[in-house]
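Colleague: okay, predicted coordinates and the sequence, questions at the end:
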Amino acid sequence: MVAQQIRTCDIVDERLLERLRTVPREDFVPPEQRALAFADAAVPLGRGQVMFSPLLDARLVNSLALTGSERILEVGTGTGYLTAVMAGLAQVVFSVEIVPEFKVRAAANLAALGISNAQLEVGDAARGWPRHAPYDAILVSGALPLGPDPRFRESLAIGGRLVVIVGEPPAMDARLIIREDDDRYSERSLFETEVPILINAPQRERFYF
């Protein structure tokens, strides 16, 4: 997976690559979908949610430029796979999942690996989760059609990075937002992709005639 799908896309952070090698992705995939664990495709989880492809997982985490000291907010725990990857690259991960049964399954997956620096919570973080702010990094694992709520930006520490996917199918792009100082942020587009919209994410009003 690392050699054929990830290294070929210019991801060269050795800490991240080693984490992707050592976290057993197959253990985080639902048993009935295990054949897809290393496929270059999303894995259905139910409730309209998916586990991202290995390459998309790697590109999103790589964009956070983790150094080992970060306090991370992850919105959308899913099976806990990205939580496990990031827990080995940062100080602590606060991960929020809106689907209670997903959180239970993710907690069991993380416990099986002895991961103790990830705190899982059930809640709706589509408009932010300032409970443990400030964060050095925030990853939103679902699309926000209207972009991130201002509370995401405000929850960043100075120098903090927010990686979020913005837009609606089929026009979505991953973006990196950095808090430069108290009142100034920089933003740039990273790459195009397509993922499910985050549950309860604000969307444009639609009019039907």
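Modeller: Done, it's in.
Colleague: enumerate every residue touching the spatially closest residue to P150 that is not a sequence neighbour.
Modeller: Closest residue to P150 apart from its sequence neighbours, by Cβ to Cβ, 6 or more residues apart in numbering: G128 at 7.9 Å. C-beta: built from backbone N, CA, C; applies to glycine. If you count contacts by Cβ atoms under 8 Å, 6 or more residues apart in numbering, G128 has them with P148, D149, P150, R151, F152, E154, S155.
Colleague: roughly how far does G128 sit from A201?
Modeller: To A201, G128 is 12 Å away according to Cβ to Cβ, to the nearest Å.
Colleague: just V166 next, same as before
Modeller: V166 is 10 Å from A201, by Cβ to Cβ.
Colleague: not counting the longest helix anywhere in the chain itself, show me its contacts.
Modeller: Counting by DSSP state H, the longest helix found in the chain is helix 100-112. Contacting residues not belonging to helix 100-112 are listed as 27-28, 45, 47, 49, 77-81, 83-84, 87, 95, 97, 118, 120-122 [Cβ under 8 Å, 6+ apart].
Colleague: in the chain, which spans are strands?
Modeller: For the chain, the strands defined by DSSP state E occupy 43-46, 49-51, 71-75, 92-97, 118-122, 135-144, 156-168, 171-181, 184-193.
Colleague: how about the nearest residue to I165, chain neighbours excluded?
Modeller: Of all residues not flanking I165 in the chain, A143 sits nearest, at 4.6 Å (Cβ to Cβ, 6+ apart).
Colleague: who touches both of V166 and A201?
Modeller: Common neighbours of V166 and A201 (Cβ under 8 Å, 6+ apart) are A143, L144, P145, L146.
Colleague: most surrounded residue in these?
Modeller: Highest neighbour count within those: L144, with 24 neighbours (other Cβ atoms under 10 Å).
Colleague: thought that residue was touching V166?
Modeller: Yes - contact criterion Cβ atoms under 8 Å: L144 and V166 qualify, at 5.7 Å.
Colleague: now do stretch 177-186, average pLDDT.
Modeller: Mean per-residue pLDDT for stretch 177-186: 97.
Colleague: buried residues, it. List them.
Modeller: I177, I178, R179 (16 or more other Cβ atoms under 10 Å).
Colleague: okay, how far is it across that stretch, tip to tip?
Modeller: By Cα to Cα, to the nearest Å, the extent of stretch 177-186 from end to end equals 6 Å.
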